[in-house]
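1. sequence and predicted structure are below.
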Amino acid sequence: MNEAAVRRPDRAQYGVCGFLAVVGVLVIVDAARLQHIANSNDPIGPKPVPIVLGVLLLVVAVLYAVDVARGGTGEAEEGEDVDVTSSVDWRTVLTLIAAFVVNLALIEPLGWVISGILLFWGSAFALGSRHHIRNVFIAVALALITFYAFAIGLGVNLPAGVLQGIL
C-alpha cells in the first residue's frame, strides 16, 4: 500500500462531522425559539444551556472535520473482546426488544414499578442471567429506587398505576 492511500482521509467521517453540525444548528435554532422566562430563582432563563451546547457541537464538528482533513484516524480497538465475524444473536436482541415493548405497553395501566420490574427482569433474562428469583428481587429494588429517585430527587411523578395509594 503506497503512502497516498494511507494518508487519504476517511470520507465517511465527514458524515459524522455533518451530523454533529446539523444537530448543533438544530439545537441552537430550537433554543432561540424558547421564550425568555426569568424569575428571581432563575434570572437567565432556559436559553443559555442549549445554546452553549449547540455552539459546542458546532465547534466539535469543525475540529473533527479539520482532524479528518489532516489525515487523523481513530485507533483500532485492541482490547475489545468481540468477534466481529460472528453473527448477530437475534434471540437476545428480540427478547430485549420484547422487554421494552412490554414496558411501553404496561407503564400506563400497571404503573412504572410493575412495568419496570418486568423490564429489568426481562433484560437480565435476555442477557443470559438464569438466577430468576434473585433477578426478581433486584428488579423490584431497581424499580422502586428509580420510582422514588424520580419522584423525590427530580420531582417527576412516574405513573403509579394499580399501586396508586400504596406507593
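-> Arrived safely.
2. the residue nearest the centre of the chain sits in which helix or strand?
-> Closest residue to the average C-alpha location of the chain: Phe100 at 14.1 Å, with C-alpha atoms, centre = their mean. Phe100 is part of helix 90-110, with elements assigned from DSSP states H and E.
3. what is the mean pLDDT for that helix?
-> Taken as a whole, helix 90-110 carries a mean pLDDT of 95.
4. the very next helix or strand once past it to helix 90-110, inter-axis angle?
-> Following helix 90-110 in sequence order, the next helix or strand is helix 112-126 (DSSP H and E). Here helix 112-126 points in a direction 170 degrees away from that of helix 90-110 (axes from the mean of the first three to the mean of the last three C-alpha atoms, to 10 degrees).
5. what packs against helix 112-126?
-> Here helix 112-126 touches helix 90-110, helix 132-148, going by 3 or more C-beta pairs under 8 Å, 6 or more residues apart in numbering; DSSP states H and E. (C-beta placed from N, C-alpha, C; glycine too.)
6. other residues contacting the longest one?
-> Counting by C-beta atoms under 8 Å, 6 or more residues apart in numbering, helix 90-110 makes contact with 114-116, 118-119, 122-123, 125-128, 159, 161-162, all of which sit outside it.
7. give the residue spans of the chain that score low on pLDDT.
-> 1-9, 38, 40, 42, 74, 76-80, 82, 84 (pLDDT under 70).
8. contacts only, for Gly115.
-> In this structure residue 115 is Ser, not Gly. So Ser115 contacts Val102, Asn103, Leu106, Ile107, Gly161 (C-beta under 8 Å, 6+ apart).
9. go with 7 Å
-> Asn103, Leu106, Ile107 (C-beta atoms under 7 Å, 6 or more residues apart in numbering).
10. closest one of the residues you listed to His36?
-> Nearest to His36 among these: Ile107, at 34.4 Å, using C-beta to C-beta.
11. how near is the closest one to Lys47?
-> Note on Ile107: its distance to Lys47, by C-beta to C-beta, to the nearest Å, is 32 Å.
12. more neighbours: which of these two?
-> Ile107 (19 against 16; other C-beta atoms under 10 Å).
13. what's the distance between that one and Gln164?
-> Distance, Ile107 to Gln164, by C-beta to C-beta: 13 Å.
14. do the same with Asp81
-> According to C-beta to C-beta, Asp81 and Gln164 sit 46 Å apart.
15. more neighbours: those two, which one.
-> Legend: neighbour count by other C-beta under 10 Å for Asp81 and Gln164, higher for Gln164 (9 against 5).
16. contacting residues for the spatially closest residue to the more buried one that is not a sequence neighbour?
-> Nearest non-adjacent residue to Gln164, counting by C-beta to C-beta, 6 or more residues apart in numbering: Gly111, 7.3 Å away. Shown in contact with Gly111 (C-beta under 7 Å, 6+ apart): Pro159, Ala160, Gly161, Val162, Leu163.
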